[in-house]
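Participant: coordinates only, sequence not included:
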């Protein structure tokens, strides 16, 4: 817990600050006792309160190698002295060492790469640099920050899909610091690298911002894209230094090394100042008047709680940001807050607003200025805008539902806090096992990072197309295969590509056979490799966007609600063969969740260990799944209707982790044969919900199956598998941390106060079996048995 003090389960703290005052206002607004002492009513929604005292900055002197004019530009911009971590990372980069800076929100990571790049520019008028960002908005913000320094001959410019032809020509001929993204590098720069030869020959630095977003299949694509870039740079005689910026994650050096293919040093000690904060963990109550699937209890919706909190805080005069999960949710939350405020103080209603996507840059900045200046007091926004917002120093932040990663949570929480007065941050739990676990275990948010960024550049579905792209850029050699693309897996795929006529093999290497066509245009680095389905508006023929072909049956089936840039559409039809889904605009008062069934076959066991009555395995699996229905759900979770679907079966070759248990051990633990299916099923659901705590992913990126008798193991078995062809590294991460993962799973089930199971613990929103059978108590027994066995010796 470090310097933080815990209430409602820890030692009391004197002298309440602004954050605690605001929290008491929320409690009073809910008609609850305003005490936040350890003896507070355990049935109240306030589960934990943690006071995080302010942290002083640790400044250091400017490095001697920084040119005078560069230093003066930063001082003029308000940076009198840098923080220690900024200089440590910048010094490593200046010395030619690849480095990743992994520190918290608002810790000034930009200066750590601006300093060496701008210093190199001042010392060498020919030097160039490439900045890569996951979003165009972030790249634009960073470009403006560099331009505002006012240094001469930097010649910084954007290079993205919106850059006109003349702008791209100027960037190629004159640009020194290009602000771009992986998609542009993949589709435009590398396939035509000879046109960029002058820039690449002088490339001194590659900056990879927000590198923790490059995970899973997308991260595997970017890892191979970086290998292609570095290979082309070597062709032009350069070895640029790589500087990466990351949120706080587990093992940042190992992750950055996997991402870049080169040894990377990590700087993780954050020396920036941190405003004091009161962190409240809030679990909405179960509603007696509403039931969900199979009569399960349902919690009050996190968005409903957030609207009431936002109103209470606005009435208190606190500048507040409420993060919700969708644009429609942001609008509903803002509207709910306005209604509550109107009943008490109508004059404040115009000072509450939603903050949505689709704003022009000047509109966004005006809204940011209105919030920063106090014209707006309360804003509800989507968490998708967390990277692009220039808002900090607020009195309070309400997070309606854990946003999926600790990095995202602290990115949002970091908007609250001013130097002289503490702020309030409230995490409101959704009906989800992850949220249930976190509100009962604050150490998972405040302790050492446990979530890791996983990726697998050897995934054949990802590696094969990049080998074709690399061969089209420069003929592949044996040295490339061994030292750049991973050795044997790449060699085996190259043989397949030659057999299929994609590449040609000559004594000197592998060649792309066409001089006119380039493969990069047909390789989607943000997809799974299955292909894309175009989402087309029926009335206009306008293509709104695409969804991955593998997930289309679950997300673009007839009747599905499709969200594009915050606008809602209903799907009319889906043609998987043609790759087209037709949609029409709509504002339904429900959301849709697809339900699917799955069967898992073991294709190859990579690793297996026996622990007494339990066997733990990891390997390659074949998943046959089918979307069989979808449910319309009201905002608070009530099931309005279950609609059958007749979608085709899909086969997925991926990776999974599984455990199987001896029948006799289950019987001795009190699980009769009749209870085994429900106990395993409940344990499987909860495990899927908790894996994202350890491997940064979404529960929709993974799947699972449980059975009382699996034909391969011959025993009761629980599988959890990746939802992408070839695997994305999630199941492998779960296998590596299986004891911590399953312990958290068991804790989440035990911590939920429902009697027989609900969406907060063992029910799944995508279960094709209608969340039946489920045995909550049996799941705890199964997990306890498995964990006890895993603590014992192998054999």
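Facilitator: Everything's here; your move. Every value quoted in this text rests on a predicted model; they were computed, and no experiment measured them.
Participant: show me the strands in the stretch 301-450 of the chain, by range?
Facilitator: 320-324, 352-355, 378-382, 396-400, 423-428 (DSSP state E, counting those that start in this stretch).
Participant: contact partners of the third one?
Facilitator: Applying Cβ atoms under 8 Å, 6 or more residues apart in numbering, the set of residues contacting strand 378-382 from outside is 306-307, 310-311, 313-314, 319-327, 329-331, 333-334, 337, 341, 351-357, 367, 371, 389, 566. Where you see a C-beta, it was placed from the backbone N, CA and C, and this is true even at glycine.
Participant: pLDDT at the residue nearest to residue 57 when sequence neighbours are not counted, what is it?
Facilitator: Leaving aside its sequence neighbours, residue 57 sits nearest to residue 273 (Cβ to Cβ, 6 or more residues apart in numbering; 4.0 Å). At residue 273, the predicted lDDT confidence score is 89.
Participant: residue 273: neighbour count?
Facilitator: Neighbour count of residue 273, defined by other Cβ atoms under 10 Å: 16.
Participant: repeat that for residue 790.
Facilitator: Using other Cβ under 10 Å, the number of residues around residue 790 comes to 18.
Participant: per-residue pLDDT, it?
Facilitator: pLDDT at residue 790 comes out at 97.
Participant: can you give me the strands in the stretch 51-200 of the chain?
Facilitator: Assigned by DSSP E, counting those that start in this stretch, the strands in the stretch 51-200 of the chain fall at 99-102, 128-132, 156-158, 177-180.
Participant: one step back: what's the spacing between the residue nearest to residue 57 and residue 472?
Facilitator: According to Cβ to Cβ, to the nearest Å, residue 273 and residue 472 sit 49 Å apart.
Participant: ditto for residue 131
Facilitator: 25 Å.
Participant: more neighbours: which of the two?
Facilitator: Set residue 131 next to residue 472 and count neighbours by other Cβ under 10 Å: residue 131 wins out with 26 against 21.
Participant: which regions of the stretch 651-795 of the chain lie under the pLDDT threshold?
Facilitator: For the stretch 651-795 of the chain, not a single residue meets the criterion pLDDT under 70.
Participant: tell me where it has helices.
Facilitator: Per DSSP state H, counting those that start in this stretch, the stretch 651-795 of the chain carries helices over the ranges 663-668, 676-690, 730-736, 738-751, 776-790.
Participant: nearest to residue 184, out of these?
Facilitator: Closest approach to residue 184 among the helices of the stretch 651-795 of the chain is made by helix 730-736 (27.8 Å; Cβ to Cβ).
Participant: roughly how far is the closest one from the heart of the chain?
Facilitator: A distance of 17 Å separates the centroid of the chain from that of helix 730-736, by Cα atoms, centre = their mean, to the nearest Å.
Participant: touching that helix from outside, list them.
Facilitator: With Cβ under 8 Å, 6+ apart as the criterion, helix 730-736 contacts 216, 452, 454, 456, 607, 616, 618, 654-657, 687, 691, 694-695, 697, 701-702, 720-722, 741.
Participant: coming back round to it: distance to residue 633 for the helices of the stretch 651-795 of the chain - can I get that in JSON lines?
Facilitator: Putting the helices of the stretch 651-795 of the chain into JSON lines (distance: least, Cβ to Cβ, whole Å) gives the following:
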{"stretch": "helix 663-668", "distance to residue 633": "34"}
{"stretch": "helix 676-690", "distance to residue 633": "17"}
{"stretch": "helix 730-736", "distance to residue 633": "26"}
{"stretch": "helix 738-751", "distance to residue 633": "21"}
{"stretch": "helix 776-790", "distance to residue 633": "21"}
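Participant: of all those, which lies closest to residue 526?
Facilitator: Proximity to residue 526 (Cβ to Cβ) singles out helix 730-736 among the helices of the stretch 651-795 of the chain, at 17.2 Å.
Participant: mind listing what's buried in the closest one?
Facilitator: Within helix 730-736, the residues that qualify as buried are 730, 731, 732, 733, 734, 735, 736, counting by 16 or more other Cβ atoms under 10 Å.
Participant: okay, those residues in CSV with distance to residue 23 next?
Facilitator: Formatted as CSV, these follow (distance: Cβ to Cβ, whole Å):
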residue, distance to residue 23
730, 36
731, 39
732, 41
733, 35
734, 36
735, 40
736, 38
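Participant: longest helix in the protein, by number of residues?
Facilitator: Counting by DSSP state H, the longest helix found in the chain is helix 216-235.
Participant: name the residues that touch the helix or strand just after it?
Facilitator: Tracing the chain past helix 216-235, the next element assigned as helix or strand by DSSP states H and E is strand 241-246. Applying Cβ under 8 Å, 6+ apart, the external contacts of strand 241-246 come out as 89, 93, 96-102, 109-110, 112-113, 116-117, 204-212, 252, 255-256, 259-260, 262, 264.
Participant: just checking, the residue nearest to residue 57 touches residue 84?
Facilitator: No. Taking contacts as Cβ atoms under 8 Å, residue 273 lies outside contact range of residue 84: 11.9 Å.
Participant: could you say which of the strands of the stretch 51-200 of the chain is packed most deeply?
Facilitator: strand 99-102 (a mean of 28; mean count of other Cβ atoms under 10 Å).
Participant: state the mean pLDDT of that strand.
Facilitator: Strand 99-102 carries an average pLDDT of 97.
Participant: can you check stretch 282-293 too?
Facilitator: Stretch 282-293 shows a mean pLDDT of 83.
Participant: quick one: end-to-end length of that stretch, please.
Facilitator: 24 Å (Cα to Cα, to the nearest Å).
Participant: for stretch 401-408, same thing?
Facilitator: 11 Å.
Participant: contacts for that stretch, please.
Facilitator: 212, 247-249, 302, 323-325, 383, 386, 409, 412, 427-430, 432, 434-435, 438, 445, 449, 451, 692, 696, 698.
Participant: what does stretch 476-490 give?
Facilitator: 224, 227, 230-231, 261, 457-458, 460, 463, 466-467, 470, 491, 494, 503, 508-511.
Participant: of those residues, grab the buried ones for ChimeraX.
Facilitator: Remark: buried members of the contacts of stretch 476-490, expressed as a ChimeraX selection using 16+ other Cβ under 10 Å:
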select :224,227,230,231,261,457,458,460,463,466,467,470,494,503,509,510,511
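Participant: which members of the contacts of stretch 476-490 are positioned in strands?
Facilitator: Those of those mapping onto strands are 509, 510, 511, per DSSP state E.
Participant: could you dump these to TSV with distance to residue 164 and pLDDT?
Facilitator: Output for those, formatted as TSV (distance: Cβ to Cβ, whole Å; pLDDT from 0 to 100):
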residue	distance to residue 164	pLDDT
509	37	93
510	36	97
511	34	95
